[in-house]
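A.B. asks: for reference, the sequence and a predicted model appear below.
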Amino acid sequence: MATPTHVQRGTLPRGVYQNLDGLKDDLLGRNGFLGRQTHLYRHGDPCEYRPAADPQTRSALQRQLSPTDATDPSGTPIRLAHNESCQLWLSRRAAAMPFYRRNLDGDEAVFVHRGQGVFETEFGPIPFEPGDVVVIPKSVTHRLVPDGADNVFLITETTEELVVPDYGLIGHYTPVDPSMIFIPEPEVLPSTEPEYEVRLKHGGDHASIGYDHNPCDVAGWRGDYFPWKYNIRDFKTLNADAAHILPSARTLLATPSMDVLLAVFGPHRAPMVPGVEKTPPSHRNADYDEVLFSHDGQAFGNPMPTGVLMHVPQGLHHGVPEAEKQRIREEYPAELLLDSVAVAIDCRARFVLDEAFVRAFEELTSGESASGDNPVATLLNGESR
């Protein structure tokens, strides 16, 4: 049964997220940020601990990763992490796919970190630019055609369908404004080749079928199952002057079971009531693994290193280090706009990191002392000022 009541014990600040008076706020919760939770007020920094060999927080830079589609038009993205409900992939596709594809294993949400171009789909073309989240439902025929060679895509693949969650009492236009969703118009593409390959992804393997005409030959369509896109600049991040809005309120996409959540961290104002912490509490997510991908912007005067991937296993502390929190308290006593942009994928099942991610993490950590250049430390500790 659920805990029957909300309990308070010991030395406490007046209200949450404020008046800590030297204590450190540690949030522990179930079911992401949707279930039971408790704030523990500690004397020590919960994020300062000696890591275990496993599980541990691991990070990598997108520039370390080399999917075969970066150099071979017939190549594929590289898988970073996986479990029974979700797979994460990174693509650096530099040229148009010489084939169409259908994913028979699940839906895909393609986050465009860098690059411009178009997804040719049987529903019509979807142009893309940085910051777009392009949703390609299961079994939709499509082809990625970039404008140039410099592209980076983070792909979240789910076995369940991806949908926009119900935001309840917030209203129709916050945080997702449906009028800003791009839905393609049908466009019949010419058939100029003797055969068109459609590559099928099924059970983790690939097979091909062929058509003697372009599969993007739809003259019209009606229904509620289609590809679409939304740019994260149009995501209306919720603010509160006296409290932190938890990351679950920033969810753009989720599976119906809520086993996988894709959240957007966009520009927003930090709390500004005196005594309220401007940084969120350190926390442990008891039920979800978290993957964060930094995209752009700055936070508390620090440039946001772009293209950093960070995996935090469930049950491990993470957050802004205490020394950085103290700097922020001293340097930003009044109103402050945070324009950092990132996406996060939370998954109830534990992620298994693939070899490419683990190898990139090992290279990054082994090179820290020699190079002195560690964008991950910059992201966490605010070292670039």
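C.D. replies: Alright, I've got the coordinates.

A.B. asks: C-alpha from now on. contacts and neighbour counts both.
C.D. replies: Will do.

A.B. asks: name the residues that touch stretch 208-218?
C.D. replies: Contacts with stretch 208-218, where a contact means CA atoms under 8 Å, 6 or more residues apart in numbering, come from 120-124, 141, 186-200.

A.B. asks: sticking with Lys229, tell me its helix or strand.
C.D. replies: Here Lys229, judged by DSSP states H and E, is contained in strand 228-231.

A.B. asks: average pLDDT for the following helix or strand past that strand?
C.D. replies: Under the assignment DSSP H and E, the closest C-terminal helix or strand after strand 228-231 is strand 251-254. Averaging pLDDT along strand 251-254 gives 95.

A.B. asks: which strands and helices sit next to strand 251-254?
C.D. replies: Packing partners of strand 251-254 (3 or more CA pairs under 8 Å, 6 or more residues apart in numbering; DSSP states H and E): strand 260-265.

A.B. asks: before we move on, back to that, which strands and helices lie in contact with the strand holding Lys229?
C.D. replies: Packed against strand 228-231 by the contact rule (3+ CA pairs under 8 Å, 6+ apart) you find strand 132-136.

A.B. asks: listing partners with orientation, what would you give for the strand it packs on?
C.D. replies: If you go by DSSP bridges, strand 132-136 pairs up with strand 107-114 (antiparallel), strand 228-231 (antiparallel).

A.B. asks: Phe153 against His113, yeah?
C.D. replies: Yes. Contact criterion CA atoms under 8 Å: Phe153 and His113 qualify, at 5.6 Å.

A.B. asks: write the ChimeraX selection for whichever of the contacts of stretch 208-218 are buried.
C.D. replies: Buried residues among those (16 or more other CA atoms under 10 Å), as a ChimeraX selection:
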select :120,121,122,123,124,141,186,187,188,189,196,197,198,199,200
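
A.B. asks: looking at the contacts of stretch 208-218, which are in helices?
C.D. replies: Using DSSP state H, no member of those sits in helices.

A.B. asks: the contacts of stretch 208-218 in strands, which ones?
C.D. replies: Counting by DSSP state E, the part of the contacts of stretch 208-218 found in strands is 120-121, 124, 196-200.

A.B. asks: which two of the residues you listed have the greatest separation?
C.D. replies: By the measure CA to CA, Gly124 and Leu200 form the most distant pair in those, at 19.5 Å.

A.B. asks: so who does Ser248 touch?
C.D. replies: Counted by CA under 8 Å, 6+ apart, Ser248 has contacts 32-34, 263.

A.B. asks: can you pick the most crowded of the residues you listed?
C.D. replies: Tallying neighbours with other CA atoms under 10 Å puts Gly32 at the head of these, with 26 neighbours.

A.B. asks: who's in contact with it?
C.D. replies: Here Gly32 is in contact with 248, 285-288 (criterion: CA under 8 Å, 6+ apart).

A.B. asks: now Ser294
C.D. replies: Counting by CA under 8 Å, 6+ apart, the residues that Ser294 touches are 304-309, 341-343.

A.B. asks: circling back: and the ones in strands among the contacts of stretch 208-218, which is closest to Asp234?
C.D. replies: Checking those against Asp234 with CA to CA, the nearest one is Gly124 at 22.2 Å.

A.B. asks: lowest average confidence, helix or strand, in the protein?
C.D. replies: Least confident helix or strand, the chain: helix 368-371 with a mean of 44, by mean pLDDT, DSSP states H and E.

A.B. asks: quick one on the thing from earlier: the contacts of Ser294 into a markdown table, with extra columns for neighbour count, distance to Pro146 and secondary structure?
C.D. replies: Output for those, formatted as a markdown table (neighbours: other CA atoms under 10 Å; distance: CA to CA, whole Å; DSSP: H, G, I helix; E, B strand; the rest coil):
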| residue | neighbour count | distance to Pro146 | secondary structure |
| --- | --- | --- | --- |
| Met304 | 25 | 26 | coil |
| Pro305 | 20 | 24 | coil |
| Thr306 | 20 | 20 | coil |
| Gly307 | 23 | 19 | coil |
| Val308 | 19 | 22 | strand |
| Leu309 | 23 | 23 | strand |
| Val341 | 22 | 23 | strand |
| Ala342 | 24 | 22 | strand |
| Val343 | 23 | 22 | strand |
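
A.B. asks: between those, which sits nearest Pro178?
C.D. replies: Closest approach to Pro178 among the contacts of Ser294 (CA to CA): Val343, at 19.4 Å.

A.B. asks: quick one on the thing from earlier: of the contacts of Ser294, closest to Ser91?
C.D. replies: For those, the nearest to Ser91 is Gly307 (12.3 Å; CA to CA).

A.B. asks: just checking, that closest one touches Gly297?
C.D. replies: No. Under the criterion of CA under 8 Å, Gly307 lies out of contact with Gly297, with a separation of 11.6 Å.

A.B. asks: quick one, domains of the chain?
C.D. replies: The record's domain parsing of the chain by automatic domain parsing lists 24-49+234-371, 68-231.

A.B. asks: looking at those, which one has the lowest mean pLDDT?
C.D. replies: For the domains of the chain, mean pLDDT drops lowest on domain 24-49+234-371, to a mean of 87.

A.B. asks: if I look at Tyr332, how far off is Leu40?
C.D. replies: Per CA to CA, to the nearest Å, Tyr332 is found 25 Å from Leu40.

A.B. asks: ok, which stretches of the stretch 251-385 of the chain are strands?
C.D. replies: Taking DSSP state E, counting those that start in this stretch as the criterion, the stretch 251-385 of the chain carries its strands at 251-254, 260-265, 268-269, 282-285, 289-296, 298-299, 302-303, 308-312, 337-338, 341-347, 352-353.

A.B. asks: among those strands, which is nearest Leu27?
C.D. replies: Checking these against Leu27 by CA to CA gives strand 282-285 as the closest, at 4.4 Å.
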